[in-house]
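Q: What would the 3D arrangement of this be:
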Amino acid sequence: MTTVSIEANITIKWPQGHSSYSPGSPEELAIIGIDLLVKELGTQAAQTFITQVLERYPADYMGATDTE
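A: You can find the predicted model right below:
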C-alpha cells in the first residue's frame with residue numbers, strides 16, 4: 001500500500017463562527033470532509049453522496065499499491 005501524507009490548513013467559516021483543521025493523512029481528511037458534508041447536507045443526503053462515491057469501486061478494492 002502507498003503511504004500518503006497531506007500538508008493542508010483548512011479553515012471553514014460558518015454563520016456561527018469558524019473551524020480550523022490540519023489533516024495529516026487521507027483518513028483524517030476524509031473524516032473532516034464527511035463531518036462537513038453531514039453538517040451541510042444532513043445525515044441522509046451525506047450518506048447518499050458517500051454511497052455514490054463508493055459505488056465507483058468494487059467491494060474488494062484494496063487501495064493504491066506501491067509500484068517501486
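
Q: name the element the most centrally placed residue in the chain belongs to?
A: Central residue of the chain (CA atoms, centre = their mean): A30, 1.9 Å from the mean position. Here A30, judged by DSSP states H and E, is contained in helix 26-41.

Q: any idea how far Q16 is from the residue nearest to the centre of the chain?
A: Distance check for A30 against Q16: by CB to CB, to the nearest Å, it reads 24 Å. All C-beta spots, glycine's among them, are computed from the backbone N, C-alpha and C.

Q: all helices of the protein, in order?
A: Counting by DSSP state H, the chain has helices at residues 26-41, 43-54.

Q: and the ones you listed, which is most packed in?
A: helix 26-41 (a mean of 14; mean count of other CB atoms under 10 Å).

Q: which residues touch that one?
A: V4, I6, A8, I10, I12, W14, Y21, P23, A46, F49, I50 (CB atoms under 8 Å, 6 or more residues apart in numbering).

Q: Which among those residues count as buried?
A: Buried by 16 or more other CB atoms under 10 Å: Y21, P23, A46, out of those.

Q: Put together CSV for those residues, with distance to I34 and pLDDT on each row.
A: Shown next, in CSV, are the buried ones among the contacts of helix 26-41 (distance: CB to CB, whole Å; pLDDT from 0 to 100):
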residue, distance to I34, pLDDT
Y21, 12, 92
P23, 12, 92
A46, 7, 95
